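A.B. asks: Provide a 3D model corresponding to the input given below.
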Amino acid sequence: MPQLSFHAPFGALTLSEEDGALVSLDWGWGRDQDETPLLARARDLLEGYFDGEVKEFALPMQPLGTQYRRRVWEMLRQIPYGETVTYGQIAAKIGGSPRSVGGAVGANPLPILIPCHRVIGQHGLGGYSGGNGSEDKIFLLQLEGIQPAATSNRVFAAG
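C.D. replies: Residues are numbered from 1 along each chain as shown. Here you go, the predicted model:
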């Protein structure tokens, strides 16, 4: 499985590709490095995102997960840059509970590319499965112009 690692503002990230699609983005430096055109393009877009120049990722992605998790992840891809949605709003739209949505969000194998950092709790920030936890979530939200204390008035209409 080809992998490519690069430096991000909060540490190293590693992209993995399988059958011409991205399958994971992990915190840390991968052991094997094999730069493919897709991995190089994804790295360049992510670097542009961190520089404030890229707002969406039109890349082939095939995250592995249950049908429910894939539905949640597809919903996450619809959240516009600079906006947030709550776990409960996603649950109301696709079914399940805020807790089941949280489980799917936490299992997202392509964070940032599938913007799980844009999902917040009804009464607070919620968690984040990135390498530095909530610290990375706050960084990503602020990068997009969202002040975590002000998320209640910047919520994406999920209905």
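
A.B. asks: domain ranges for the protein?
C.D. replies: Split into domains by automatic domain parsing, the chain comes to 3-50, 67-153.

A.B. asks: got a markdown table for those, with distance to residue 60 and mean pLDDT too?
C.D. replies: Heads up, the C-betas are built off the backbone N, CA and C, glycines and all. As requested, these are exported to a markdown table (distance: least, Cβ to Cβ, whole Å; pLDDT from 0 to 100):
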| stretch | distance to residue 60 | mean pLDDT |
| --- | --- | --- |
| domain 3-50 | 4 | 97 |
| domain 67-153 | 11 | 90 |
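
A.B. asks: Just say which of those domains is most tucked in.
C.D. replies: Among the domains of the chain, domain 67-153 has the highest mean neighbour count (mean count of other Cβ atoms under 10 Å), at a mean of 18.

A.B. asks: out of the domains of the chain, which comes closest to residue 56?
C.D. replies: With Cβ to Cβ as the criterion, residue 56 lies closest to domain 67-153 of these, at 6.5 Å.

A.B. asks: CSV please, covering the domains of the chain and showing distance to residue 56.
C.D. replies: CSV is the format used below for these (distance: least, Cβ to Cβ, whole Å):
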stretch, distance to residue 56
domain 3-50, 9
domain 67-153, 6
